[in-house]
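Sequence and predicted structure below; questions after.
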Amino acid sequence: MIGTGYVGLTTGACLAALGHQVTCVDVDDVKVARLAAGRVDILEPGLEELVTRGLAARRLRFVVGARAAVAGADAVYLCVPTPMGAGGAADLRAVEAVIAEIADVLPAGCAVVTKSTVPVGTAQRIRALLGRDDVPVVANPEFLREGTAVADFMHPDRIVVGSDDDAAARRIADLYRDLSAPNVITDAASAELVKYAANCFLAMKLSYVNAIAELCERLGADIVSVTEGMGHDRRIGRSFLKPGPGWGGSCLPKDTHALVQVAESVGFDFSLLTAAIVENIAQRDRIVAKIAGAVGGSLAAARIGVLGLAFKAGTNDLRDSPALSVTSMLAAHGAEVTAYDPAVREALPGMTVVDDPYQVAKDADAIVVLTEWAEFTKLDWGYVADLMQGDGVVDTRNLLEPRTITDAGLSYVGLGRPRPARVALPSPSGVAS
Ligand code: UDX
């Protein structure tokens, strides 16, 4: 397993749990030493336990350097980053560097498996770079969501394996024989495209829902009922229908741009997907406008308390987090931003990060929920109201119960939801506010 990021570490630890002998490789010696001691730095339920068990059972080991690690391997998985490069295309330099490093020491018959999301045609390119007829290349994309990666690995919706060497594809599929899931065994290009086609579909679904939420606001409809009514249609499905501050994370933004680029490279203008990306940017602008509305129109010198920075709940990952785009736009408009996230403690530009949710409420003109952490529903909103200077609560995840907020004397703004009437509470002076 080359690369011990989210994908490599989860795949390695899970394959070891399935009974395989796994060597995880990284270039970062500090990380390798920590992992070898059973220390996992990413927030992923169940992962540290699997790593510890794999180490104890001697089915999992961590080493620096790929050359020695591939000796005797039946399969080498590439789990190195493929970030967004120039013009939106995936940057494959890490993959190419690994291939250059191991090409001459790979044992004959050992399959090179791409696990990271790689553009269509990468398997072919790796074959050319390897320059070896005795080493098959197999595409085996992952569909792991952060925060549920171990569960997603162990209970997958499907296993996709593609190679132009059918026997090699079947050998890799067989590594997962103890998992119960449909297998899609196909050619390399199709397997590579499945990953992009699936992730981009999800991104389009979310942009669509965010646009419908906007329409709900303008038409006086409620997105909660609308998506419930849509979701009962089995062709649509109930998941991935929640509006939010825009989709983010380490996959959807990069994969949408990469597929637009791939399409362009073969002369196809994928305007449908481009529109989903544009809509995702527009969503952030609309959220900022909503927040401005909650503080009387101008963000200059407004005190904004932010709840949630991670790109979704259950992770401490800030990569391409819509919350960070929104907070930096708020700061650019002159707002003073104080933020709390249960999983984030690091200092971040343009805001003060605090370690207590009530601290963001102190003297705030408005509170904005940007990540759907369940703990925000359990705050004492009456106390929050006492601490605040203003009364605006902008809930970009439709996480809170509107009545709880209005009962606390605050004004609630969700996404695509009718605005609940605010309950008039007597002010301390006895005059209704
Ligand atoms: C995604 C894919 O789901 C996974 O299959 C792939 O392997 C990696 O990319 P992940 O990046 O962990 O997984 O995030 P995901 O749970 O899919 O959420 C992506 C974004 O969509 C987040 O910003 C999330 O907040 C947002 N989202 C998701 C919504 O706004 N509403 C929803 O209903 C669901």
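Great, that's in hand.

Can you report how many residues lie near H257?
Neighbourhood size, H257 [other CB atoms under 10 Å]: 20. C-beta coordinates here come from the backbone N, C-alpha and C atoms, glycine included.

what's the answer for V135, then?
21.

Leaving out the residues flanking it, which one is nearest to it?
Spatial nearest neighbour of V135, excluding adjacent residues (CB to CB, 6 or more residues apart in numbering): L106 at 5.3 Å.

for the one you found, what are its contacts?
70, 73, 76, 112, 130, 132, 135 (CB atoms under 8 Å, 6 or more residues apart in numbering).

swap in D255?
Contacts of D255 by CB under 8 Å, 6+ apart are 117, 195-196, 199-200, 203.

Let me have these in JSON lines, adding distance to I102 as columns.
Putting the contacts of D255 into JSON lines (distance: CB to CB, whole Å) gives the following:
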{"residue": "T117", "distance to I102": "20"}
{"residue": "K195", "distance to I102": "23"}
{"residue": "Y196", "distance to I102": "26"}
{"residue": "N199", "distance to I102": "28"}
{"residue": "C200", "distance to I102": "31"}
{"residue": "A203", "distance to I102": "33"}
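
out of the residues you listed, who's near the ligand?
Among the contacts of D255, proximity to the ligand is found for N199 (CB under 6 Å from any ligand atom).

Report the contact partners of V295.
When contacts are counted by CB under 8 Å, 6+ apart, V295 touches 302, 304, 365-366, 390, 392.

at 10 Å instead, please
301-304, 335, 364-366, 389-392, 394 (CB atoms under 10 Å, 6 or more residues apart in numbering).

And those, which is closest to the ligand?
Distances from the ligand to these, taken as CB to the nearest ligand atom, are shortest for V394 (15.5 Å).

what's the helix or strand for that closest one?
Secondary structure from DSSP states H and E places V394 in strand 392-395.

and the strand or helix carrying G229, does that touch the ligand?
Applying DSSP H and E as the criterion places G229 in helix 223-231. No - judged by CB under 6 Å from any ligand atom, helix 223-231 stays clear of the ligand, getting no closer than 8.8 Å.

How far away from the center of its chain is stretch 5-14?
16 Å (CA atoms, centre = their mean, to the nearest Å).

Any buried residues in the helix ranked longest in the chain, and which?
Looking across the chain with DSSP state H, the single longest helix is helix 188-219. If you call a residue buried by 16 or more other CB atoms under 10 Å, then helix 188-219 has these buried ones: 188-189, 191-196, 198-200, 202-214, 216-217.

how about the strands in the stretch 201-350 of the chain?
303-307, 336-340 (DSSP state E, counting those that start in this stretch).

related to what we said a few turns ago, now do the longest helix of the chain, average pLDDT.
For helix 188-219, mean pLDDT rounds to 97.

Could you do stretch 321-337 as well?
For stretch 321-337, the per-residue pLDDT averages 98.

I'd like to check which residues are in contact with L400.
Going by CB under 10 Å, 6+ apart, L400 touches 307, 367, 369, 372, 376-377, 379, 381, 393, 410, 412, 414.

between those residues, which has the most around it?
Result: I367 is most packed of the contacts of L400 (other CB under 10 Å), 32 neighbours.

any idea which helix or strand carries that one?
Going by DSSP H and E, I367 is in strand 366-369.

taking the mean pLDDT, what do you get for that strand?
Rounded mean pLDDT across strand 366-369 is 98.

returning to that earlier point: just want the angle from the helix holding G229 to helix 188-219.
Angle, helix 223-231 to helix 188-219, by axes from the mean of the first three to the mean of the last three CA atoms, to 10 degrees: 140 degrees.

what packs against the strand holding I367?
helix 271-294, strand 303-307, helix 322-332, strand 336-340, helix 357-361, helix 381-387, strand 392-395, strand 411-413 (3 or more CB pairs under 10 Å, 6 or more residues apart in numbering; DSSP states H and E).

Counting neighbours, what do you get for the residue nearest to L43 when sequence neighbours are not counted?
Distances taken as CB to CB, 6+ apart place N316 nearest to L43, at 4.8 Å, with adjacent residues excluded. Here the count is done by other CB under 10 Å, and N316 has 19 residues near it.

if I pick N316, what's in contact with it?
For N316, the contact set (CB under 10 Å, 6+ apart) comprises 41-44, 146-147, 309-310, 341-346.

I'd like to know which of those residues is nearest to P253.
E146 (13.6 Å; CB to CB).

Kindly provide the distance from that closest one to G109.
Counting by CB to CB, to the nearest Å, the gap from E146 to G109 is 34 Å.

give the contact list for the residue of the stretch 251-400 of the chain found nearest the ligand.
Going by CB to the nearest ligand atom, the ligand is nearest to C251 of the stretch 251-400 of the chain, at 3.0 Å. Counting by CB under 10 Å, 6+ apart, C251 touches 6-7, 117, 142-146, 195, 199, 202-203, 311, 319-320.

The helix or strand that contains A168 - contacts with which helices or strands?
Secondary structure from DSSP H and E places A168 in helix 166-174. If you count contacts as 3+ CB pairs under 10 Å, 6+ apart, helix 166-174 packs onto strand 75-78, strand 111-114, strand 137-139, strand 159-163, strand 183-186, helix 188-219.

quick one: contacts of it?
Contacts for helix 166-174 (CB under 10 Å, 6+ apart): 74-75, 77, 109-113, 135-140, 159-163, 165, 183-188, 191.

Which ChimeraX command selects the buried ones in the residues you listed?
In ChimeraX, this line selects whichever of the contacts of helix 166-174 come out buried by 16+ other CB under 10 Å:
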select :75,77,110,111,112,113,135,136,137,138,139,140,159,160,161,162,163,165,183,185,186,187,188,191
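
Compare the contacts of C251 and tell me which has the most neighbours.
Taking other CB under 10 Å as the neighbour criterion, F311 ranks highest of these with 28 neighbours.

Is stretch 234-243 in proximity to the ligand?
Yes - residues of stretch 234-243 are located near the ligand by CB under 6 Å from any ligand atom, namely 240-242.
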